[in-house]
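Engineer: Requesting a structural model of the entry that follows:
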Amino acid sequence: MNGAHRVFSYIERSCYAPQVARLLDLFSRFRVLFMRVDDLWSTPGKALGKVEQFLDVEQAISTAPDGSYVKATSGALEDHRPLSSSVRAQLDDLFRDDIKETARLTSLDLSDWLSPGYLENLKPSSVFMG
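Structural biologist: Presented below is the predicted three-dimensional model:
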C-alpha cells in the first residue's frame, strides 16, 4: 500500500476509544496513566508532577517547568479557516459516542469536548515548522 490510507484516515485516528481499548487489552489499567494535554499546557508543573508520581520517580521536572512548548505544524496549516457551524455540528455528532466511551475508559472528564463551542487551548510560545 502507498500509505494513502494512513495519510487520509483523520476520522479513524480521531476515534480514541478503540485505541484506548486496545491499549487496555495489552496493559493492565494500573500501568497506564491517562491525562489531557490541556492540563500540560495550562498547569505544566502539576501535570508533570502527576507523571512523576505515577512513575514513582523523584520530583524533578515538575518543579521548574518553563511553560512553553513547541507546536508542530506545516506551512499548509497556516492558512486554515474556522469550521462552519454545520460542519462542526456534523463532527460533534460523529464523535459524540466515541468521546463518551473514551471518557468512560480513561476516567477523564471530557464533557467539554461535547460542547459546540469547545476549542483546544493552543497558545504556543514558539512554533516549529516541520
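Engineer: Can you read off the pLDDT for the closest residue to residue 34 other than its chain neighbours?
Structural biologist: Nearest residue to residue 34 in three dimensions, chain neighbours excluded: residue 106, at 3.9 Å (Cβ to Cβ, 6 or more residues apart in numbering). Glycine gets a C-beta too; all of them are placed from N, C-alpha and C. On the pLDDT scale, residue 106 is placed at 97.
Engineer: Equivalent analysis for the one 3 residues further on, please.
Structural biologist: Reported pLDDT at residue 109 in the predicted model: 95.
Engineer: Which residue comes closest to it once chain neighbours are left out?
Structural biologist: residue 103 (6.9 Å).
Engineer: Count the neighbours of the residue nearest to residue 34 for me.
Structural biologist: 20 (other Cβ atoms under 10 Å).
Engineer: my guess is it contacts residue 20, does it?
Structural biologist: Yes - with contact defined as Cβ atoms under 8 Å, residue 106 reaches residue 20; the gap is 6.0 Å.
Engineer: so what's in contact with these two at the same time?
Structural biologist: residue 34 (Cβ atoms under 8 Å, 6 or more residues apart in numbering).
Engineer: name the helices or strands packed onto the top helix by length along the chain?
Structural biologist: Secondary structure of the chain read by DSSP state H shows that its longest helix is helix 85-106. Counting contacts by 3 or more Cβ pairs under 8 Å, 6 or more residues apart in numbering; DSSP states H and E, helix 85-106 packs against helix 10-14, helix 16-26.
Engineer: And the residue positioned nearest the centre of the chain, what's its pLDDT?
Structural biologist: Centroid-nearest residue in the chain, with Cα atoms, centre = their mean: residue 37, separated by 5.3 Å. At residue 37, the model reports a pLDDT of 85.
Engineer: in the chain, what secondary structure element scores lowest on mean pLDDT?
Structural biologist: Taking mean pLDDT, DSSP states H and E as the measure, the helix or strand of the chain with the lowest value is strand 126-129, at a mean of 40.
Engineer: quick revisit: I'd like the distance between the residue nearest to residue 34 and residue 49.
Structural biologist: Per Cβ to Cβ, to the nearest Å, residue 106 is found 19 Å from residue 49.
Engineer: Please parse this structure into its domains.
Structural biologist: 4-32+68-129, 33-66 (automatic domain parsing).
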